Structure formats: structure tokens, C-alpha cells
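[1] Give me coordinates for this.
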Amino acid sequence: MSNVFAIAHKELRSYFASPIAYVVTGVFGLTFGFFYTAYLYGFVEMSMGNPGTGGGGPANVNQQMIRPVLQNAAVVLLFVLPMLTMRTYAEERRSGTIELLLTSPLTDVQIILGKFLGALALYAVMLAASATNVLWLFAFGRPEWGPILSGYLGLLLFGGAFIAIGLLISSLTSNQIVAGAVSFTLFLLLWIVDWVSSFTGPDVGNVLSYLSITSHLDEFLGGVLETKNIIYYLSFITFGLFLTAKAVDSQRWRG
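    Presented below is the predicted three-dimensional model:
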């Protein structure tokens, strides 16, 4: 495991040695802050009984503010995570350092896990930074911890699944722009598959609904922790990393 963590540390340092970490973190932070401010203002108006906002009833900060903010954060990830994963292998292939990496005493699994954990660590930093906004709510009210923690766990697994797929796409091309564009397209297809299921029969619809990466996230954001959803994301991540290993292994034999 020491080799895996060494690669992960190298990857994390390389992110901050380039503008990528700052651009991705900045874009995510600014958009998260915008949604946070907008929903906070709407929640305050509703709590005060403003007729224009449908106020007057009991207000629940978790369901009426935090959950919509995290839902919108997931939409933002659809755009920023391809920027995070597009360089993982594509840059190595473009610069020619992939040959050195593949001929090193490291195994493909160690390299892939290291790159995955490096990207996941940067993503976790982004989520932790956004959580500071949510923590301010405890200074003025009593939000429930459970839905917040389950929501962030869901976002972490959700992003991990996207990172695994982005890593696979990056391993197939030497062009970062192509890797980013293809990753975004696949992310979008995984996003809308639940919507497509509403136009199919019940059997196909159930399958598509289960494959939808967003339907499992909704339960996390609602404060529901179910084993099936955790298994889904872990299986998704494992499958994505497995395909990446196969792609890198075929490249090793061709090289």
C-alpha cells in the first residue's frame, strides 16, 4: 500500500502544481456558494412567512435548504469532474512519461489505485471546503446531523464513481480535451438514464432506474442510508477501475 499512497501523493501534488486544482476547486466553490446563498435567502423568507415564497408553515432546514443545495452541487460535479480526470493518464501519454510508468516495478493495480485516490483526495478537499458553509447553520439553528453526513457520503461515492469512469476514458486517449469531452458525455448519459426509464416498459424501466447514478444519490440526500446504494457505488467504482486496468494492461502489451 505504500506504493499506492506514494502515487496518490504524487498525483495530488501534480494537481496543485498546475492550475487544474485551483480552477476546479474555485469553480465548484463559487457555484456552491451561489446556490447556498440563494437557498438560504429563500429559506429565511419562507421561515418569516413571506407569502411570495409559500411561507407560513413549519420550515425544515435540512429538506428545504441543505438538500436542494447538495442536489445542485451534484449538477455542478457533472461539469467539473471531467476537468479533474481528463489529465490522469492522457497527460502521461502526451508527455511520453507513460512508458516510464509502465516499465517501473509498480503493478498496474498500484498505479491505477494511486491515481484514483489522488483524484478522490482532491475531490474530498472540495467537499470539505463546501461543508464549511453548511457548518455555519449550526451557529443560528439546529439542523440534523444525519441527513448532512449521509448527503456528503452520497456525494463522495457519487463523485468516486465519476472519477473511476473518467480515469478509464483518460487511459484510452492522449488528448486531454477528448478525454474531458467523452467523460462529460458519459456522465451526462448516466445522469439522464433515469429520465429515459420513464418512457420504457416496467421491466426495462426498473433496470434503467437501478443503473441511474442519480436515483441512488437521492436517497443519500434524503438522509436514508441503505446498503444497496452503497454497494451500487462501490461496485460502479470497482468496475470502472477494473476496465481501466484492462485498458492499461493492453497498452503495456502493445508498448
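
[2] What helix or strand is Ser130 located in?
    Per DSSP states H and E, Ser130 falls inside helix 108-135.

[3] residue ranges with poor pLDDT in the stretch 151-255 of the chain?
    197-199, 251-255 (pLDDT under 70).

[4] Which SSE is immediately downstream of the helix holding Ser130?
    Using DSSP H and E, the next helix or strand after helix 108-135 towards the C-terminus is helix 145-170.

[5] Going along the chain from that next one, find the next helix or strand for me.
    helix 176-197.

[6] Might you calculate how far that following helix sits from the centre of the chain?
    The chain centroid and the centroid of helix 176-197 are separated by 13 Å under Cα atoms, centre = their mean, to the nearest Å.

[7] contact partners of it?
    78-79, 81-83, 85-87, 89-91, 94, 162, 165-166, 169-170, 172-173, 204-209, 211-215 (Cβ atoms under 8 Å, 6 or more residues apart in numbering). Yep, even glycine has a C-beta here, placed from its N, CA and C like the rest.

[8] Of those residues, grab the buried ones for PyMOL.
    Restricted to buried positions by 16 or more other Cβ atoms under 10 Å, the PyMOL selection for the contacts of helix 176-197 reads:
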select buried, resi 79+81+82+83+85+86+87+89+90+91+162+165+166+169+170+172+173+208+209+212+213+214+215
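
[9] and the contacts of helix 176-197, which of them are in helices?
    Of the positions in the contacts of helix 176-197, 78-79, 81-83, 85, 90-91, 94, 162, 165-166, 169-170, 204-209, 211, 213-215 sit in helices, assigned by DSSP state H.

[10] mind listing what's buried in the helix holding Ser130?
    Using 16+ other Cβ under 10 Å as the burial criterion, the residues of helix 108-135 that qualify are 108-120, 122-124, 126-127, 130, 133-134.

[11] Would you mind pulling up the elements that that helix packs against?
    Helix 108-135 is packed against helix 2-17, helix 19-47, helix 67-85, helix 145-170, helix 227-254, with contacts defined by 3 or more Cβ pairs under 8 Å, 6 or more residues apart in numbering; DSSP states H and E.

[12] which helices and strands does the fourth one pack with?
    In other words, helix 145-170. Packing contacts for helix 145-170, counted by 3+ Cβ pairs under 8 Å, 6+ apart, involve helix 67-85, helix 108-135, helix 176-197, helix 213-221, helix 227-254.

[13] buried stuff in it?
    147-148, 150-155, 157-170.

[14] do the same with stretch 171-190
    Within stretch 171-190, the residues scored as buried using 16+ other Cβ under 10 Å are 171-174, 176, 179-180, 182-184, 186-187, 190.

[15] I'd guessed Val134 sits against Ile148; true?
    Yes. The pair Val134 / Ile148 is scored as a contact, 6.1 Å apart, by Cβ atoms under 8 Å.

[16] intersection of neighbour lists for the two?
    With Cβ under 8 Å, 6+ apart, Val134 and Ile148 have common neighbours Ile66.
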